[in-house]
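S.K.: What follows is a predicted structure for the sequence shown.
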Amino acid sequence: MLMLANIVPFFKCRFRKIGLFIFVFSFLFPTVSLAQKGSKISTIVIDAGHGGKDPGASGKHSHEKDITLKVALKLGHYISENLKDVKVIYTRKTDVFIPLYKRAEIANDHHADVFISIHCNSNPSTRAYGAESYVIGLYKTKDNLMVAQKENEAIMYEDNAKERYGGFDLNSPQSYINLSLFQNLHLKQSLQLAHDIESEFKSYAHRKARGVYQAGFLVLWQTTMPSVLVELGFLTNPKEEAYLLSNKGQSQLAYSIYLAFKKFKTNFERENNVKPAVQSSGAPQKLEYRVQFYASSSEIRNTGKRFKGVAEVSYYKSARYFKYTAGHFSTVSEAVKYRNVLRGKGYKDAFVVVFLNGKRISFTEARKFQSQKQH
Ligand SMILES: [Zn+2]
C-alpha cells in the first residue's frame, strides 16, 4: 500500500517523468547520455513549518510557527524580486494549520521543481545552536532521529493520521527505517541544495552551520522534486532565539536560502541545458544553430545578469575558453536574424555557429550531414 501510494505521484509530475525516463533509459542503453534541453527551475514551493493550532517548537519568547512564516515570506520575496522567471508558491501565508501530507501535495500539484520546508530546532540543552539542513533518508544519529520525531509530531494535530501515513508510528525507529526506503529520486540534487544552504548560512549570515543530515521527515516523504528541510536554529538557545526573533536575523537567514537556491538553479540549468549530448542510437540526429556572441577565459557566474536581454544563453568549452551562445534555432536564417539583433545590442562580433547533438561542428560538416540525410 505504502509503496503504491508513493509511486503514483512519480507519474503525476512532469519533472519526475523526465527523471524516471532517464533512469529507465540508462538501463537499456548504459552508455547513452541524454540532454534534458529546456529543463528549468521555474517553480518553488516554500513551506513555512507548522501553523495555526500547531505552534511547533517553543522558546522563552517565541513559537516556531511565527518565525518560519516570516522567513518563508521573506525568502519568497527575495526570489520573486530577483529571479523573475521563478514562480513562488507558499503552502501557507498566514497563521493556519496545514497537514503535512497537504504540503507535499501542494508541491506535487504545482509541479514544483524545488521544495523547501522551513523550521526551527529545539533541544533539551540550552547550549545547542546553529543551523542544519535535512533531506529524507536513513538517520545516522539519535539526534537526527529526534529532530525528525519532533517535526513529525505535527501529525498529532491531524485526523486519520495513522491511515494517512501508512500506519506510521512516531515512536518506532522501524517506521523511520521504512520511510527512508522511499528515498527521493532526486537525492543527489536535494543533497546539493542542502549543502548550498548550509554554506550560505556560514558565508553570508555568519551562522554556525551544523551540516547536512538525513532522517525520515513525513513532510518530505511524498514530494517528487528536490526537497530540503531547513532548521534555522535553536529556539531553546536564548541567544539564538533572540537572533531568530529579530528582523535582521530573519532577513539574513532568508537571504542565505535565496542565495543557495539561486546557485542551485544556475548550476542545474547550466548542466541540463548546455552539456554536450552524446546522441542515442534510436533518436533522430539534429542540427542546431546558435549565435556565439561572447568568449571568456573564466566562467561567468551569473549569466542572467551579465547578459541581460540576451535569449537562451548557454555556453560550450573550447580550448581554454568559455564560449557563450544565444538561442536554439533549427534554421540558419532564424539564427542570422537573431545574430543581427545581437549586433544591434552591441555584440558587434556575434556570429552563427552550428551544433550536432550539442557538439560544435563546422558548416562544412553540417552541410555534409544534411546531404547525407537527404539521400
Ligand atoms: Zn518544525
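M.R.: Sure, I can see it. Residues are numbered from 1 along each chain as shown.
S.K.: What are the boundaries of the strands in the stretch 1-150 of the chain?
M.R.: Secondary structure of the stretch 1-150 of the chain (DSSP state E, counting those that start in this stretch): strands located at 43-48, 87-90, 114-121, 131-136.
S.K.: ok, and the closest non-adjacent residue to Ile136?
M.R.: Distance criterion C-beta to C-beta, 6 or more residues apart in numbering; nearest residue to Ile136, sequence neighbours excluded, is Leu220 at 4.2 Å. In short, each C-beta sits where N, CA and C put it, glycine included.
S.K.: what separates the one you found from the ion, distance-wise?
M.R.: Leu220 sits 12 Å away from the ion, going by C-beta to the ion, to the nearest Å.
S.K.: That residue belongs to a helix?
M.R.: Yes. Counting by DSSP: H, G, I helix; E, B strand; the rest coil, Leu220 is part of a helix.
S.K.: so who does it touch?
M.R.: For Leu220, the contact set (C-beta atoms under 8 Å, 6 or more residues apart in numbering) comprises 104, 115, 117, 134-136, 184, 227, 229.
S.K.: same check, this time on Glu105
M.R.: Gln222.
S.K.: Now Ala254: which helix or strand?
M.R.: helix 247-274 (DSSP states H and E).
S.K.: So for that helix, mean pLDDT?
M.R.: Helix 247-274 shows an average pLDDT of 91 in the prediction.
S.K.: Can you pull the residues of the chain lying near the ion?
M.R.: Taking C-beta under 5 Å from the ion as the contact definition, the chain meets the ion at 49, 56, 119, 151.
S.K.: excluding its backbone neighbours, what's nearest the third one?
M.R.: What that stands for is His119. Gly49 (4.1 Å).
S.K.: There's contact between that neighbour and Ile118 in this structure, I believe.
M.R.: Yes. Gly49 is within contact range of Ile118, at 5.7 Å (criterion: C-beta atoms under 8 Å).
S.K.: Return every residue with contacts to both of those two.
M.R.: Thr68.
S.K.: Compare the two (neighbour count), which wins?
M.R.: Gly49 (30 against 26; other C-beta atoms under 10 Å).
S.K.: which ones are touching that one?
M.R.: Counted by C-beta under 8 Å, 6+ apart, Gly49 has contacts 56, 64-65, 68, 117-120, 151, 154, 219.
S.K.: Mind putting the strands of the stretch 1-150 of the chain into CSV with mean pLDDT?
M.R.: Output for the strands of the stretch 1-150 of the chain, formatted as CSV (pLDDT from 0 to 100):
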stretch, mean pLDDT
strand 43-48, 97
strand 87-90, 98
strand 114-121, 98
strand 131-136, 96
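S.K.: so which of those comes closest to Asn340?
M.R.: Each of those has some distance to Asn340 by C-beta to C-beta; the shortest is strand 87-90, at 32.7 Å.
S.K.: in the stretch 251-375 of the chain, which spans are helices?
M.R.: For the stretch 251-375 of the chain, the helices defined by DSSP state H, counting those that start in this stretch cover 303-306, 332-344, 363-374.
S.K.: Most tightly packed of these?
M.R.: Of all the helices of the stretch 251-375 of the chain, helix 332-344 has the most neighbours on average by mean count of other C-beta atoms under 10 Å, namely a mean of 17.
S.K.: In terms of secondary structure, what does it contact?
M.R.: If you count contacts as 3 or more C-beta pairs under 8 Å, 6 or more residues apart in numbering; DSSP states H and E, helix 332-344 packs onto strand 287-296, strand 321-329, strand 351-356.
S.K.: so who does the closest residue to Val96 other than its chain neighbours touch?
M.R.: Nearest residue to Val96, sequence neighbours excluded (C-beta to C-beta, 6+ apart): Gly52, at 4.7 Å. Neighbour list for Gly52: 65, 95-98 [criterion: C-beta under 8 Å, 6+ apart].
S.K.: before we move on, what about Arg164?
M.R.: 99, 101, 155, 158.
S.K.: can we see that at 10 Å?
M.R.: 5, 99-102, 155, 158, 218 (C-beta atoms under 10 Å, 6 or more residues apart in numbering).
S.K.: So which of those residues is the closest to Gly327?
M.R.: Distance to Gly327, by C-beta to C-beta, is smallest for Lys102 among those, at 41.1 Å.
S.K.: Could you give the number of residues near that closest one?
M.R.: 16.
S.K.: what's the spacing between the closest residue to the ion within the chain and Glu64?
M.R.: Using C-beta to the ion, the single residue of the chain nearest to the ion is His119, 3.3 Å away. His119 sits 7 Å away from Glu64, going by C-beta to C-beta, to the nearest Å.
S.K.: With Gly346 instead?
M.R.: Applying C-beta to C-beta to Gly346 and Glu64 gives a distance of 51 Å.
S.K.: between those two, who's got more neighbours?
M.R.: Glu64 (28 against 8).
S.K.: so what does the strand or helix carrying Ala242 touch, helix or strand wise?
M.R.: According to DSSP H and E, Ala242 maps onto helix 238-245. Counting by 3 or more C-beta pairs under 10 Å, 6 or more residues apart in numbering; DSSP states H and E, the packing neighbours recorded for helix 238-245 are helix 64-82, strand 114-121, strand 227-234, helix 247-274.
S.K.: Tell me who's in contact with the residue sitting nearest the centre point of the chain.
M.R.: The centroid of the chain falls nearest to Val114 when counting by C-alpha atoms, centre = their mean (3.9 Å). By C-beta under 10 Å, 6+ apart, the contact list for Val114 reads 15, 41-46, 86, 107, 186, 189-190, 193, 223, 225-228, 261, 264-265, 268.
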